[in-house]
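Undergrad: Okay, predicted coordinates and the sequence, questions at the end:
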Amino acid sequence: MRLKKQFWLMLLLTIVTIFVNLGSIPLLDPDEPVYGETPKEMIQYNDYLSPRIYGEFWYDKPPMYYWLVAGAYKLLGIVELAARLPSAVLAVLCVATVCYFTTKLFDSRTGILSGLVLATSLEFFYLAKAAVTDITLTLFLTLTLLCFLNRHYHLFYFFSGLATLTKGPIGLLFPGAIVILWLIFTRRLQEIRHMKILPGIIIWSLVTLPWYGAMAYIHGLDFVNGFIGINNIARFATPEHVETAGWYFFIPVLLIGFFPWSAVLIPAVIKAFKARNSDLFSTVSFLSIWVAFIFLFFTLSSTKLVTYILPIFPALAILVGWYINSCRDEDSTGYRLVWPITLTVLVLLLLGAMAKGLFLFPEVVGGLTALAVVLGIMVIAVWWFVYRGKPAKAVWGQAGAMVMVSFILFSVILPPLADNFHSRGLAQAFTGVYDGKSPVYVIKFLHPGFAFYTNMYGKELKPDAELKQFVASAEKGYLIIQEFDYQLLSDLEKERLDILTQLHGKMIVLKK
């Protein structure tokens, strides 16, 4: 009964962490408005097959998240809450999935601890509150891999298909590679005979081929080259963002994104390596390969984004939950103290960054102070419980603190800063100065948010040669631009532009 109560408490904390203030902040540039605008155009054009943006077909992602958001729009209207609702709901389902399967693989207590770890990891709950595809992909990949581990082979292929409809080929590549590597590592290649491969191919094809086949038939090489060539192969081979192309990029991303549980990663990994002679070796090795393969895949990829490694978080959460639960049986207090010591170092580094933030954003001094207090209490609680040999209580204390961190971030700190990161105010200002007939040009970074909040597409400009060509042309037009890009123009180019509105680092200018 006590564990059942803990499960419902864990689920309640998850829901509170993710759903508080879910729709109160406008969609943040540039990614969220993309996933808000495309389903809006699906409804506008009554076309749920071919994704569009700015009225043009585009092949950046498969349609799964667009379909989910379009359904939420039908239910709630075209509002921020609806754009983010699928991520939030699926994140709760992901936590419940991890808890359920971990209970089957280990025990109930490990399942609950793993769910708490996942739900209160910084990057996980942040993306759960965002209108992006990463939580959807993470859920389907998690279901795929955990169904395999529990020998639910038909469901393994089904959820792999849904992952492929969410993010493309990696929905098949990741599970396939992880499973094969694990079978080789554990010398179980004979298991392939029991994996129902032929029915699995049929199931996967029934899920994926209707959409992929229809798109290839209707759009031909434009779809094949755009989706496979540009948005998959080219992104892997060529960096979109040179500043994030370093091989080490995902190391700090993992430490920050998995905070505060990154403090437990080292002892959890060490214990995983020592599990070779354990009855749990099969499960632990599978989870370890899951983490290692995806982490190394994106490390080798030329294009790197902070969100890419989110699919390893469920496996890490299970490993950390398993490690913490096993701490009850450890004799060495010193071994357990790695957790609070590492947590203290991470929090001190974070407090240093927050101190710098006070100078940059003095309007959030109250929120940052409250955040510092909560983090300090969290460190003290973890020290107290771990030293007294009660690691499970340390988990609850740390998880409870992160629920408060989420509330402070999204209710106190982010709202006064949000105007710097969205285009809703700019769109409202534009409607007051636009003459209703002249062409409108929008810098690429601001284009999705401008389109979402004005219902006007405009023409996209890249902030380099395209911008300069427009300024040098004889055409009159309105230009939506970031102040940073405006300042890079020459004085002669600026003379051709009249500033109509300047708002939170964004500008509306009229080219004479």
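TA: Received, thanks.

Undergrad: for this protein, where's the lowest mean pLDDT among helices and strands?
TA: Lowest mean confidence among the helices and strands of the chain (mean pLDDT, DSSP states H and E): helix 235-237, at a mean of 54.

Undergrad: In the protein, where is pLDDT below threshold?
TA: 1, 229-245, 328-335 (pLDDT under 70).

Undergrad: Quickly list the domain ranges of it.
TA: 2-330, 424-511 (automatic domain parsing).

Undergrad: closest to S406 out of these?
TA: S406 sits nearest to domain 2-330 of all the domains of the chain, at 4.7 Å, using Cβ to Cβ. Using the backbone N, CA and C atoms, a C-beta is placed for each residue, glycine as well.

Undergrad: Select the longest helix from this structure.
TA: When the chain is parsed with DSSP state H, its longest helix is helix 80-105.

Undergrad: where does N21 fall, phi/psi-wise?
TA: phi 60, psi 30 (degrees, to the nearest 10).

Undergrad: For it, grab the count of nearby residues.
TA: N21 is flanked by 16 other residues according to other Cβ atoms under 10 Å.

Undergrad: Just list the residues touching it, thanks.
TA: Going by Cβ atoms under 8 Å, 6 or more residues apart in numbering, N21 touches F410, S411.

Undergrad: Next one: the closest residue to V20 other than its chain neighbours from D107, what distance?
TA: Closest residue to V20 apart from its sequence neighbours, by Cβ to Cβ, 6 or more residues apart in numbering: F407 at 5.8 Å. For F407, the distance to D107 (Cβ to Cβ, to the nearest Å) stands at 31 Å.

Undergrad: Could you do L81 as well?
TA: Noted for L81: a distance of 37 Å to D107, by Cβ to Cβ.

Undergrad: Then W322?
TA: Noted for W322: a distance of 9 Å to D107, by Cβ to Cβ.

Undergrad: higher neighbour count, those two?
TA: Between W322 and D107, W322 has the larger neighbour count (other Cβ under 10 Å), namely 25 against 14.

Undergrad: For the host helix or strand of that one, enumerate the helices and strands it packs against.
TA: Per DSSP states H and E: W322 is located in helix 313-326. Other elements packing on helix 313-326 under the criterion 3 or more Cβ pairs under 8 Å, 6 or more residues apart in numbering; DSSP states H and E are helix 80-105, helix 108-119, helix 134-149, helix 265-273, helix 281-300, helix 391-408.

Undergrad: In terms of secondary structure, what does the second one contact?
TA: Contacts of helix 108-119 with other secondary structure elements, assessed using 3+ Cβ pairs under 8 Å, 6+ apart, are made with helix 2-19, helix 80-105, helix 313-326, helix 391-408.

Undergrad: List the contacts of that helix.
TA: 3, 6-7, 10-11, 13-14, 17-18, 91, 94-96, 98-104, 124-125, 261, 313-314, 316-318, 320-322, 324-325, 392, 395-396, 399.

Undergrad: Name the residues of the longest helix of the chain that are buried.
TA: Within helix 80-105, the residues scored as buried using 16 or more other Cβ atoms under 10 Å are 80-92, 94-99, 101-103, 105.

Undergrad: what's the answer for stretch 268-286, then?
TA: Residues of stretch 268-286 classed as buried: A268, V269, K271, A272, A275, T283, V284, S285, F286 (neighbour count, 16+ other Cβ under 10 Å).

Undergrad: repeat for stretch 138-154
TA: For stretch 138-154, the neighbour count (16+ other Cβ under 10 Å) marks 138-149, 152-153 as buried.

Undergrad: what's the answer for stretch 43-62, then?
TA: Quick answer for stretch 43-62 (16+ other Cβ under 10 Å): S50, P51, R52, I53, Y54, W58, Y59, K61, P62.

Undergrad: Pull the most distant pair out of these.
TA: Y54 and P62 (19.1 Å).

Undergrad: for F297, what are its contacts?
TA: F174.

Undergrad: Could you check how far it is from I228?
TA: F297 is 17 Å from I228, by Cβ to Cβ.

Undergrad: on that earlier part again, could you redo the helices and strands packed on helix 313-326 as TSV and give each row distance to S438?
TA: Formatted as TSV, the helices and strands packed on helix 313-326 follow (distance: least, Cβ to Cβ, whole Å):
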stretch	distance to S438
helix 80-105	29
helix 108-119	49
helix 134-149	38
helix 265-273	55
helix 281-300	44
helix 391-408	44
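
Undergrad: Among those, which comes closest to L206?
TA: Among the helices and strands packed on helix 313-326, the nearest to L206 by Cβ to Cβ is helix 134-149 (15.6 Å).

Undergrad: ok, residues contacting that closest one?
TA: Counting by Cβ under 8 Å, 6+ apart, 64-65, 68, 86-87, 90-91, 93-94, 97-98, 101, 105, 124, 127-128, 153, 155-156, 159-160, 162-163, 166-167, 170-171, 174-175, 178-179, 283, 286, 290, 307, 310-311, 313-315 sit against helix 134-149.

Undergrad: could you give the angle of the helix or strand just after that helix to helix 80-105?
TA: Toward the C-terminus, helix 134-149 is succeeded by helix 153-167 as the next helix or strand (DSSP H and E). Interaxial angle, helix 153-167 versus helix 80-105 (axes from the mean of the first three to the mean of the last three Cα atoms, to 10 degrees): 150 degrees.

Undergrad: What are the buried residues along helix 153-167?
TA: So for helix 153-167, counting by 16+ other Cβ under 10 Å, buried means 153, 155-167.

Undergrad: Also stretch 33-41?
TA: Neighbour counts over stretch 33-41 (16+ other Cβ under 10 Å) mark P33, V34, Y35, G36, E37, T38, P39, K40, E41 as buried.

Undergrad: and the nearest residue to V16 once chain neighbours are set aside, how many residues sit next to it?
TA: Nearest residue to V16, sequence neighbours excluded (Cβ to Cβ, 6+ apart): V403, at 6.1 Å. Burial of V403 is recorded as 21 neighbouring residues (other Cβ under 10 Å).

Undergrad: Assess the claim that V403 and T17 are in contact.
TA: Yes - V403 is within contact range of T17, at 5.1 Å (criterion: Cβ atoms under 8 Å).

Undergrad: Residues that sit against both of the two, list them.
TA: T120.

Undergrad: Correct me if wrong: G200 contacts L155.
TA: No - contact criterion Cβ under 8 Å: G200 and L155 do not qualify, at 10.0 Å.

Undergrad: Find the helix or strand that E460 is a member of.
TA: For E460, the host element (DSSP H and E) is strand 459-461.

Undergrad: which strands and helices sit next to whichever helix or strand comes after that strand?
TA: Heading C-terminal from strand 459-461, the first helix or strand you meet, by DSSP H and E, is helix 465-472. Counting contacts by 3+ Cβ pairs under 8 Å, 6+ apart, helix 465-472 packs against strand 477-482, helix 491-494.

Undergrad: Packed most tightly, which of these would that be?
TA: With neighbours defined by mean count of other Cβ atoms under 10 Å, none of the helices and strands packed on helix 465-472 is more surrounded on average than strand 477-482, at a mean of 21.

Undergrad: Any idea how far it is from the middle of the chain?
TA: Computed by Cα atoms, centre = their mean, to the nearest Å, the chain-centroid distance of strand 477-482 equals 30 Å.

Undergrad: elements contacting the helix or strand following that strand?
TA: As assigned by DSSP H and E, the chain's next helix or strand after strand 477-482 is helix 483-487. Counting contacts by 3+ Cβ pairs under 8 Å, 6+ apart, helix 483-487 packs against strand 506-511.
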